[in-house]
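*Asks:* Here is a sequence with its predicted model. Questions after.
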Amino acid sequence: MKLVSYTTKKKDRLGIFVEGKIYNLQECAAGMGFELPNRMRRFLRGGDEFMNLARQVEQAIKDGKITSFVSDENLKLLAPIPNPPSCRDGYAFRQHVATARRNRGVEMIPEFDQYPIFYFTNHNAIFGEGEIRVEDDHLQKLDFELEAAIVIGKEGRNISVEEADSFIVGYLIMNDLSARVLQMEEMKLNLGPAKGKDFATSIGPWLVTPDELEPHKISAENGNKYDLRMTAKHNGKLISDGNMKDMNWTFAEIIERASYGVRLLPGDVIGSGTVGTGCYLELNGTWALEAKEKGKDFKPIWLNVGDEIELEITGLGILKNKIGKSKKNRSILAKKKNIS
């Protein structure tokens, strides 16, 4: 089942995506004699009961018993969870970490293999498909990050890896947009990324329930993996090609770590981290080394205003974003204090 959040008149609504059409879930449910909420977070708090009712709606649509879908020229897909309670991002792909470190001339950090890590990003700066407007400083080496993400479906604390997959209500695509100049400057102070990451994270295009990915599932000792191709295109050109099965830490392991001593809530979003080859920070370093070996010059590539970045994951759809520029023109990089 594919669940979406959408808008037609500046109010988000909960829909179900079936065979290329969006149906208003609340209206369809009402026509079948039961009630469902019209917002994703309220729906998720209803747990299995609401999910089972939504499946009845989906079946009625497939059987031709419901034919009224959303038809509005103003329809726009939003992030499936427009305002998640929290948004964490993991670091699960060893290839990405090892290659990025190699390109910087540093050894692979052994702690990567000891436990899964994550950071909190801004859950109030979540976008769906479409234009994302950024500030001038964000355009200083603006990067994409090709990731998968999960959404938590029920509350839990100290969740074991053995039960963690049952807490996943669905999967989606994530693009962790990154302003690399801001990020690299602030990370010298060892508190992790902040202004380099907190301005925009896009997720979507819809929330895909685990049953739809069953043919791609790889059962493992420490949680499920999925054989799903992950690609990125920049202005139509393929630049990244990886696979979700290459996660060295499973989402179950990340959930176990994230829930230690704290509650996870329905609607919480957790990203996988960047797949190998899944960002320009990694790609530019690799291409620069290759060019150097051939005695050639190399000019790094980054995202610019007007560019389109398109992320695709098998079974999860395509997430497209276009880079726009904010009307404001203020730089925090220019306001640094002189310490000389």
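*Replies:* Okay, I see it. Residues are numbered from 1 along each chain as shown.

*Asks:* Output the lowest mean pLDDT helix or strand found in the protein.
*Replies:* helix 94-103 (a mean of 90; mean pLDDT, DSSP states H and E).

*Asks:* Could you check that helix and say which residues are buried?
*Replies:* By neighbour count, and taking 16 or more other CB atoms under 10 Å as the criterion, the buried residues in helix 94-103 are 94, 95, 96, 97, 98, 99, 100, 101, 103. All C-beta atoms are positioned from the backbone trio N, CA, C, and that covers glycine.

*Asks:* which other helices and strands contact that helix?
*Replies:* Helices and strands touching helix 94-103, by 3 or more CB pairs under 8 Å, 6 or more residues apart in numbering; DSSP states H and E, are helix 280-293.

*Asks:* Which positions within the helix it packs on qualify as buried?
*Replies:* Within helix 280-293, the residues that count as buried by 16+ other CB under 10 Å are 280, 281, 282, 283, 284, 285, 287, 288.

*Asks:* cool, stretch 197-214 as well?
*Replies:* 197-210, 213.

*Asks:* what residue ranges in this structure score low on pLDDT?
*Replies:* Applying pLDDT under 70 to the chain picks out residues 339-340.

*Asks:* tell me, what residue is most central in it?
*Replies:* Nearest to the mean C-alpha position of the chain, counting by CA atoms, centre = their mean, stands residue 174 at 1.7 Å.

*Asks:* next helix or strand past the helix or strand harbouring it?
*Replies:* Using DSSP states H and E, residue 174 maps to strand 168-176. As assigned by DSSP H and E, the chain's next helix or strand after strand 168-176 is strand 178-179.

*Asks:* Which residue ranges of the stretch 51-200 of the chain form helices?
*Replies:* With DSSP state H, counting those that start in this stretch, the ranges of helices along the stretch 51-200 of the chain come out as 94-103, 161-164, 180-186.

*Asks:* Quote the end-to-end distance of stretch 59-71.
*Replies:* For stretch 59-71, the first and last residues are 20 Å from each other (CA to CA, to the nearest Å).

*Asks:* Go ahead and measure how far that stretch is from the middle of the chain.
*Replies:* With CA atoms, centre = their mean, to the nearest Å as the basis, stretch 59-71 stands 29 Å off its chain's centre.

*Asks:* do the same with stretch 292-311
*Replies:* Distance of stretch 292-311 from the chain centroid (CA atoms, centre = their mean) equals 22 Å.

*Asks:* export that stretch as PDB, just CAs?
*Replies:* Taking Å, rounded to 0.1, in the frame of the first residue of the first chain, the C-alpha atoms of stretch 292-311 are listed here in PDB:
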ATOM      1  CA  LYS A 292      45.000  13.200 -11.200                       C
ATOM      2  CA  GLU A 293      46.200   9.700 -12.100                       C
ATOM      3  CA  LYS A 294      45.600  10.600 -15.700                       C
ATOM      4  CA  GLY A 295      47.300  14.000 -15.400                       C
ATOM      5  CA  LYS A 296      44.100  15.900 -16.100                       C
ATOM      6  CA  ASP A 297      42.400  18.800 -14.400                       C
ATOM      7  CA  PHE A 298      39.100  18.300 -12.600                       C
ATOM      8  CA  LYS A 299      36.400  20.800 -11.700                       C
ATOM      9  CA  PRO A 300      34.100  19.700  -8.900                       C
ATOM     10  CA  ILE A 301      30.400  19.500  -9.600                       C
ATOM     11  CA  TRP A 302      27.700  20.800  -7.200                       C
ATOM     12  CA  LEU A 303      24.000  21.700  -7.400                       C
ATOM     13  CA  ASN A 304      23.000  25.100  -8.500                       C
ATOM     14  CA  VAL A 305      19.900  27.200  -8.900                       C
ATOM     15  CA  GLY A 306      17.600  25.700 -11.500                       C
ATOM     16  CA  ASP A 307      19.100  22.200 -11.300                       C
ATOM     17  CA  GLU A 308      16.900  19.200 -10.900                       C
ATOM     18  CA  ILE A 309      17.900  16.200  -8.700                       C
ATOM     19  CA  GLU A 310      16.000  13.000  -9.200                       C
ATOM     20  CA  LEU A 311      16.300  10.100  -6.800                       C
END
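
*Asks:* quick one on the thing from earlier: CA atoms of the least confident helix or strand of the chain as PDB?
*Replies:* Taking Å, rounded to 0.1, in the frame of the first residue of the first chain, the C-alpha atoms of helix 94-103 are listed here in PDB:
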ATOM      1  CA  ARG A  94      30.300   1.400   4.700                       C
ATOM      2  CA  GLN A  95      31.200   2.100   1.100                       C
ATOM      3  CA  HIS A  96      30.200   5.700   1.300                       C
ATOM      4  CA  VAL A  97      32.100   6.300   4.600                       C
ATOM      5  CA  ALA A  98      35.300   4.400   3.500                       C
ATOM      6  CA  THR A  99      35.400   6.100   0.000                       C
ATOM      7  CA  ALA A 100      34.800   9.600   1.400                       C
ATOM      8  CA  ARG A 101      37.600   9.100   4.000                       C
ATOM      9  CA  ARG A 102      39.900   7.600   1.400                       C
ATOM     10  CA  ASN A 103      39.400  10.600  -0.800                       C
END
